[in-house]
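1. Return a 3D structure for these sequence lines:
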Amino acid sequence: MFVKIVPNTKSGKSASTFSAVLDTLPNGPEHDRIHKDCPYESCLIILCSYVDDILAFTNCQSLADDFLAYCNKRFTMTCDGEAHWYLSVKYTRDPSGAVSASQELYIDKILKRWSMESCKPLLTPFPAKSDIVLDEILKPIENPDPVLNKQFQEIIGQLLYCQQQTVPEISWSVSFLARFTTKAGAPHMALAKKVLRYLQGCKRIPLRWCACSCQQPHLPGHIYGYADASFADIKPDRLSSMGYVFIINNGAVSWRSTRTPLVTLSAAESEIIALSAATQEAVYLRKLANELGFTQTSPTTLYEDCTAAVALSKENRFRNRSKHIALRWSFVSERQHPSVGDIQVISVSCKIMLADIFASPRPAASFIPFRDSLLGRTSRITPLDSRDPCLSPDPGQV
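-> Numbering: from 1, shown residues only. Below you'll find the model as predicted:
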C-alpha cells in the first residue's frame with residue numbers, strides 16, 4: 001500500500017492528511033490550482049496492489065495519469081478506468097456514495113461446478129439445532145475416500161474465498177468444516193453443500209459501506225467492533241469457539257471465527273480470550289486507518305455481552321476465581337488504561353451482539369437480522385437504543 005498527498009495550490013497551502021483533504025471544501029480558485037481537474041487544496045492517491053493488480057484511489061485524475069506515465073517508463077502498465085471488478089469481486093457505487101461488493105458471479109460458478117445451479121436455498125448456513133449433526137460429523141472416518149477428500153478440500157477452499165471477501169456470516173460454518181479437510185466423509189460433504197445452498201439464497205446480497213448510514217455514537221470513518229465466544233462447545237477437546245467483527249461506515253471490514261488456543265474453565269474466560277484477540281485486531285486496524293488518513297480521534301469501542309468479562313478486562317489484577325487466566329489476556333486492560341487509551345470495552349445486551357454468529361450457529365430468527373446489520377443492509381439498532389440497563393455502563397461512557 002502506498003499513500004501520497006501533494007499540494008494543489010500555487011500559494012503552497014495544502015492538507016497533510018487524508019482527513020484534512022476530505023474536510024476541505026472543493027472551492028479553490030482554478031487559477032491557483034496545479035492540477036486543474038482537482039478542486040481541492042491537496043491531491044491524494046492511494047495505491048493497493050495484489051501481485052500485478054493495482055487499485056488506485058484518487059481525487060485527481062491527472063495525478064493518476066502522471067503515476068501511470070511514470071510507471072510506463074519502467075514497465076508496461078495499462079489503465080482499465082474506473083474499477084468495477086477486482087479479484088472476482090464486483091464493486092458498484094451509487095449516487096449517495098455507498099460502495100457495494102458482491103461475488104454473485106463467482107458463487108454461480110461454484111454452484112455450477114457442483115451441479116447445484118437450481119438447488120433450493122436455505123435461510124442459514126448451518127442447522128441451528130446442531131447437537132445431533134455435530135455428533136454425527138465428529139464420528140471418526142476409518143477409511144477416508146481420497147477422491148471425496150480432494151473434492152471436500154476444493155469446496156472448502158471456494159467457501160473460504162467467499163467468506164474472506166464478501167460473506168462474513170458463513171465464517172463459523174467454514175471454520176468448523178475446515179477442520180476435517182484430511183478426514184472428510186459423506187456427512188461433511190453434505191454440510192458443505194448446505195452452505196452452498198445458503199449462498200444460493202444470499203448471492204445477490206452485497207456487502208455495503210455508506211458513511212451516510214452511520215448512527216450515533218458511531219462516526220463516519222471510525223472503527224468499532226463486537227467480540228463473542230461460546231463455552232466448551234467443541235468436542236472432544238472442549239475448546240471454545242470465538243469470533244469478532246469490526247465495522248466502518250456501517251459495513252463489516254474485518255472478521256474472524258476460530259477456536260480458543262486453550263481449554264477455558266468458565267464462560268467469562270472464553271470471552272476474555274475473544275476480547276484479547278479482538279483487541280489485537282483493533283490495534284492493527286487503528287494503525288491502518290491512521291496511515292490511510294482516517295484519524296481515530298477516540299478510543300475504538302469493543303462491545304461485549306458478558307459483564308464478568310467486561311469487568312475483568314478493566315483491571316490487570318485477578319482474583320481467586322480468575323487468577324488462573326494467563327496474564328497475557330490482561331492486554332485488553334492495558335489498552336484501556338488512560339496512558340494508552342485506544343480501546344474501550346462496553347457491555348451490551350446479547351440481543352445486539354453481532355459477533356454471536358461468529359461463535360455459534362444461530363436460528364434464522366436471530367441470524368438474518370445480524371447478517372443484515374453486518375452487510376450494511378439495515379439501519380442498525382445502536383447500543384444506545386437497545387442496551388440492557390442491567391448490563392450497560394453509565395450513558396456517559398458510550
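2. Would you mind finding the longest helix in this structure?
-> Ranked by residue count, the top helix of the chain under DSSP state H comes out as helix 267-292.
3. after that helix, next one along is what?
-> As assigned by DSSP states H and E, the chain's next helix or strand after helix 267-292 is strand 300-304.
4. which residues touch that following strand?
-> 217-218, 222-228, 271, 275, 278-279, 282, 285-286, 310, 313, 342-348, 352-353, 383, 398 (CB atoms under 8 Å, 6 or more residues apart in numbering). Placement of C-beta: from N, CA and C, glycine included.
5. can you give me the helices for the stretch 201-350 of the chain?
-> 267-292, 307-313, 331-336 (DSSP state H, counting those that start in this stretch).
6. Point out where the stretch 251-398 of the chain drops to low pLDDT.
-> Scanning the stretch 251-398 of the chain with the threshold set as pLDDT under 70 gives 316-328, 379-398.
7. what bridges to the residue most central in space within the chain?
-> The centre of the chain sits closest to Ser254, judged by CA atoms, centre = their mean, with a distance of 2.2 Å. On the basis of DSSP bridges, Ser254 is bridged to Phe246.
8. Among the helices of the stretch 201-350 of the chain, which comes closest to Ser62?
-> Of all the helices of the stretch 201-350 of the chain, it is helix 267-292 that lies closest to Ser62, at 21.8 Å by CB to CB.
9. mind giving me the domain split of this protein?
-> Annotated domains of the chain cover 2-83, 104-202, 215-397 [automatic domain parsing].
10. Neighbouring strands - and their directions - for the host helix or strand of Thr92?
-> Applying DSSP H and E as the criterion places Thr92 in strand 89-93. In the sheet, strand 89-93 lines up against strand 85-86 (antiparallel), strand 99-102 (antiparallel) (DSSP bridges).
11. Averaged pLDDT, it. What do you get?
-> Strand 89-93 shows a mean pLDDT of 92.
12. I'd say the residue nearest to the centre of the chain and Gly243 touch.
-> No. The criterion here is CB atoms under 8 Å, and Ser254 misses it with Gly243 at 11.3 Å.
13. rewinding a little: if I look at the residue nearest to the centre of the chain, how far off is Ala282?
-> 9 Å (CB to CB, to the nearest Å).
14. Now do the shared contacts for those two.
-> Counting by CB under 8 Å, 6+ apart, the residues touching both Ser254 and Ala282 are Gly225, Phe246.
15. rewinding a little: hmm, who's touching the strand holding Thr92?
-> Under CB under 8 Å, 6+ apart, the answer for strand 89-93 is 83-85, 99-106, 165-166, 206.
16. For the residues you listed, which single residue is the most surrounded?
-> Greatest neighbour count in those, by other CB atoms under 10 Å, goes to Thr166: 25 neighbours.
17. Dump the helices of the stretch 201-350 of the chain to a markdown table, plus mean neighbour count and distance to Ser213.
-> Listed next are the helices of the stretch 201-350 of the chain as a markdown table, based on neighbours: other CB atoms under 10 Å; distance: least, CB to CB, whole Å:
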| stretch | mean neighbour count | distance to Ser213 |
| --- | --- | --- |
| helix 267-292 | 21 | 18 |
| helix 307-313 | 21 | 27 |
| helix 331-336 | 21 | 28 |
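18. Would you tell me which of those helices gets closest to Lys112?
-> Smallest distance to Lys112 across these (CB to CB): 35.0 Å, for helix 267-292.
19. just checking, what packs against that closest one?
-> The contact analysis (3 or more CB pairs under 8 Å, 6 or more residues apart in numbering; DSSP states H and E) places helix 267-292 against strand 224-229, strand 241-248, strand 251-259, strand 300-304, helix 307-313, helix 331-336, strand 343-347.
20. The fourth one pairs with which strands, parallel or anti?
-> Read that as strand 300-304. Using DSSP bridges, the strands paired with strand 300-304 are strand 224-229 (parallel), strand 343-347 (parallel).
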